[in-house]
Every structure is written in structure tokens, then in C-alpha cells.
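1. Just a sequence and a predicted model for now, questions to come.
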Amino acid sequence: MASRYDRAITVFSPDGHLFQVEYAQEAVKKGSTAVGIRGTDIVVLGVEKKSVAKLQDERTVRKICVLDDHVCMAFAGLTADARVVINRARVECQSHKLTVEDPVTVEYITRFIATLKQKYTQSNGRRPFGIAALIVGFDDDGIPRLYQTDPSGTYHAWKANAIGRSAKTVREFLEKNYTEDAIANDSEAIKLAIRALLEVVQSGGKNIDLAIIRRNQPLKMFSAKEIELQVTEIEKEKEEAEKKKSKKSASS
Amino acid sequence: MNSGVWEEVGRAGLWNEWCGAKAAADLAPAEASCIFYRLRSGPSVLLCQCSCYVAEDQQFPWLEKVFGSRPRRDVQVTVLTCRHVTDYKSPESPGSLPTPFLRALKTRAETEPPGCPPLEQPNIAHDLPAAVLSFCQVWKVPAVLYLCYTDVMKLDLLTAEAFRPALSSQSLRGLAQDVPQSRECLKRLAATDEVQSNIYT
């Protein structure tokens, strides 16, 4: 049945599927994992870095992009589609600032991106954007925000979410470990993001990129050294927790 | 496979439209699509690594060449293969399935239950793995097929680890070793395949 209704984006199948949109969701899963955490005073974006070819400039392969001073985005899926969406979003951020003399809210720019994506699910001759995005930032009211969009053009606010390959595994980890204690302070929120990624990243800290935004501060990208330090701390804490556990079970 | 544990004992080449332009006779030894190995420490253990598509009309001659025209019933056959999770038919959407996951199919002659859930209907095995299982069913050879549904179609640590339940089966239990560096070895193997195209990020 799928083969008769999946060639043109504007055609519904008899059971209500838009197959091209669902196929675009599969393209998202081909991208590496990205995770977003909304803390109390911080938002964190962590991504699994792609391995780059030897002669490729690593700086040009980025999954985390700034949309404005107070908003940034991580994506998973088709690189070229992401570039188009990011460019449109950046222009919209500046246009909004010039027109109404206020920076965009995180929800506004997320809605803009989601509306753009939805248009491409309803136009003949076009295909949907093959990317999902995690958009984080702070609004003027100082409240941290995390939104997720997908190729269908839907968007939702999240406390924590993951997109890309193995997103389900990371989401399940977050569902178990996202607690008020886990985001009690900034460093705990950062560690939670790294721990979530370590569940699925094959080669440890050297394949992780991390970015944070704190209230009234611009985006900060962690260096490889800083990430390695965090990973070492996490591994230490894990060892200590396991030692405690084995002591407890030995004494009982 | 070049770790010294396995010894190459045979190669086979075949040609079809999916293999590329070269005819089987022109294939260099390095381009053989099926390579047979024997475990040095246990010469009764043979492994066939098939990296090409075997067309439907080539499957039976291939099986006859490998198993012989009268296959022995005292052999144990285990087949490991992967398919993309979108081929898995279930009431749940592919996005909500816990990929990667393992399913098994076995012949009637195989009495031991496999180490993972059986493949549910209406899902079926395809291509050469299905042909091997059908051949073994007809000739009453104990065989089990482990089919891993995954959402990445390249070597990946998570997908490799999904086959772990297969190591608890009777046929593979004796071969499985809890080598501490097995995870590192897998990571290295996955890393060689890691430099991807730039289409997806």
C-alpha cells in the first residue's frame, strides 16, 4: 500500500499517512545523537560528534549553531537541509529585532522553523526537510526554554529530549534520571547531558560536543579538555557509586 | 578476522547484477564475496562471511556447494543477519521500537530454544539467510537464524552488542569468551567504518 501513496508529498494514503513525512523521520535517525536539557538556570545541548575525514576542517562540521545571542539549536538529519533552515531562522531573528526592536522569544523562532517545515509537507514538487531540531535559549523573562521540532512541522516544549540515532535509548535514560536533584545546579545539568550521551556514544568524551547558555550570557562551547574533565568526574562518581553498592550488598 | 584466531580455508565468488561489472571468473581473490574461515583452536567450527547479494536463482547452487548434495545432520548451523527496522511489521511505529533488537527463527531439528524472542508473524526472513534456513529445514539440519533489526546499516557497537543473546545458545556458548578487550576490539572495528559521508549530521 505504501508504494502507491509515498511518491508525492501532497497525497494522503487511505489510512491517513503522509509517507514522505514518515520517511523524513527516518532521515533524522541517520544523523548522530543530540540531547537537550533544560535546567533551572541553564540550558545544555550535547551532541555526538561526527568523525571527520583526515583532510577535513573539523570546525566546519558542526551540529550546534547559534541562531541569535540568546538562542541556539542542535539538529540531526540531512546536513544541507539544516543549513537552509538555520539560515532562514537567523535572518528571521535579525528581521524581528529590526522590526519590533526586541529579540525573538525561543517559542517564536521555534514556531517559525516549525511553520517553515510544515509548508514543505504541503507543497507539490517539494519534499519535507529531513531534520529534527532542539532549540534552546532564554527569553527576556529569564526562563530557560527547550523546544523540539520534527520534519512534520510539529513543535513541543520539553524538559529534556534527544533526537537522531539512538534517541530512544537516550530518552529512556533521561526519563529515569531527570530529577529535580539532577538539575539542581548547572554542573549537575551538564553532567546529566554528558551521561545521557555516554549511553550511546561509542568512543567516549572525545566524540562529544557540548554547549551551554546561562541566563544573560552568550553561548559557551566547551573545549575538548573541559569535556574530558567532566567525563573523568562522571566516571569517578560512577566508580564510587559502584563501590558503595558492593559494600552495601556485602554487609547485608 | 585477521587476528590469527581464524584461518581462511576457502573463497567463493559469484556474479549477478548487484555485484558490479566484473564476471565471477575475473574476480581477484581479494574481491571474493564469500570467505570461509576455520577456527584454529577448534577445527570443527567453520564460519562463512558472505558480503554480497546472492540472487534467488543462485541460492540453491550456493547451498549445495557449501553443504554438499547430502548435508550431514550432525552439524549445527547458526546464521547472523541484519535488516533495517522499517522492514519490521508491527502495530507500533518504527520510531517507537527499541532498536536494535534481536529475533530468531529455527528449524524443527533445532530443539534448544533460541536466546531471544522468535520472529513474529507476518515478518519473514529474506534472501540467503532464509534460503539457508529452508535448506536446513528440508534436510533436517539443526539451524537457527538470528535476525537483528537496527536503524543503522553500518557496523555499530550497539548493533553488534544486540547479538549478545545469541552467544548464550548451545552452538555459540563454547566459542564465546568474555574477553575484557572485546568491547575495545568492537570499538576499533566500528571506528574504521566511522568516517561517514557528509550527507547526514
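-> Received it, and whenever you're ready, just let me know what you need.

2. What residues does chain A have near chain B?
-> By the rule Cβ under 8 Å from any Cβ of the partner chain, the part of chain A lying against chain B is A:22, A:25-27, A:29-32, A:50-53, A:61, A:63, A:75-80, A:82, A:165-166, A:168-169, A:200, A:202-203. C-beta here means a position set from N, CA and C on the backbone, and glycine is covered the same way.

3. Flag the helix or strand of chain B with the lowest per-element mean pLDDT.
-> When the helices and strands of chain B are scored by mean pLDDT, DSSP states H and E, helix B:182-192 comes last with a mean of 65.

4. how many other residues sit next to residue 83?
-> Let's take chain A. A:Arg83 has 14 neighbours, counted by other Cβ atoms under 10 Å in any protein chain shown.

5. right idea, wrong chain: chain B
-> Residues lying near B:Arg83 (other Cβ under 10 Å) number 18.

6. Assumed it was part of a strand.
-> Yes. Remark: B:Arg83 belongs to a strand, assigned using DSSP: H, G, I helix; E, B strand; the rest coil.

7. Tell me the predicted confidence for the closest residue to it other than its chain neighbours.
-> The spatially closest residue to B:Arg83, leaving aside those adjacent along the chain, is B:Tyr149, at 5.8 Å (Cβ to Cβ, 6 or more residues apart in numbering or on different chains). On pLDDT, B:Tyr149 comes in at 91.

8. give me every residue that touches the closest residue to A:Gly164 other than its chain neighbours.
-> Of all residues not flanking A:Gly164 in the chain, A:Ala76 sits nearest, at 3.2 Å (Cβ to Cβ, 6+ apart). By Cβ atoms under 8 Å, 6 or more residues apart in numbering or on different chains, A:Ala76 lies in contact with A:28-29, A:31-34, A:63, A:131-132, A:163-165, A:167, B:201.

9. Cross-check the contact I'm expecting between B:Leu175 and B:Gly42.
-> Yes. Applying Cβ atoms under 8 Å, one finds B:Leu175 in contact with B:Gly42, separated by 7.5 Å.

10. Neighbour count: these two, which is higher?
-> B:Leu175 (14 against 10).

11. And that one, how close does it get to A:Ala82?
-> Distance, B:Leu175 to A:Ala82, by Cβ to Cβ, to the nearest Å: 44 Å.

12. now A:Val170
-> 19 Å.

13. neighbour count winner among those two?
-> The neighbour comparison of A:Val170 against A:Ala82 (other Cβ under 10 Å) goes to A:Val170, with 28 against 25.

14. quick one: the helices in chain A?
-> Assigned by DSSP state H, the helices in chain A fall at A:2-5, A:19-29, A:79-100, A:106-119, A:167-177, A:186-198, A:224-251.

15. show me what contacts the closest residue to A:Ala89 other than its chain neighbours?
-> By the measure of Cβ to Cβ, 6+ apart, the closest residue to A:Ala89 outside its immediate chain neighbours is A:Leu67, 5.0 Å from it. Neighbouring residues of A:Leu67 by Cβ under 8 Å, 6+ apart: A:73, A:86, A:89-90, A:93, A:109, A:135, A:137.

16. how about 6 Å then?
-> Going by Cβ atoms under 6 Å, 6 or more residues apart in numbering or on different chains, A:Leu67 touches A:73, A:89-90, A:93.

17. Which two among these are spaced furthest apart?
-> Distances among these were taken as Cβ to Cβ; the most separated pair is A:Met73 and A:Cys93, at 10.8 Å.

18. low pLDDT regions in chain B?
-> B:2, B:19-32, B:176-196 (pLDDT under 70).

19. What ranges does it have for its strands?
-> For chain B, the strands defined by DSSP state E cover B:6-12, B:34-39, B:42-50, B:77-84, B:101-106, B:143-150.

20. excluding its backbone neighbours, what's nearest the spatially most central residue of chain A?
-> Chain A has A:Leu134 as the residue nearest its centroid, 3.6 Å off, counting by Cα atoms, centre = their mean. With Cβ to Cβ, 6+ apart as the criterion, A:Leu134 has its nearest non-adjacent residue at 3.9 Å, and that residue is A:Gly36.

21. and if you look at A:Pro144?
-> What sits nearest to A:Pro144 in space, not counting adjacent residues and going by Cβ to Cβ, 6+ apart, is A:Val43, at 4.7 Å.

22. Touching, the one you found and A:Gly142? I think so.
-> No. Under the criterion of Cβ atoms under 6 Å, A:Val43 makes no contact with A:Gly142, lying 12.0 Å away.

23. neighbour count winner among the two?
-> Legend: neighbour count by other Cβ under 10 Å for A:Val43 and A:Gly142, higher for A:Val43 (27 against 9).

24. So what does the residue in the stretch 151-252 of chain A positioned nearest to chain B look like in phi/psi?
-> With Cβ to the nearest Cβ as the measure, A:Gln202 is the residue of the stretch 151-252 of chain A nearest to chain B, at 4.6 Å. Here is the backbone geometry of A:Gln202 (degrees, to the nearest 10): phi -80, psi -30.
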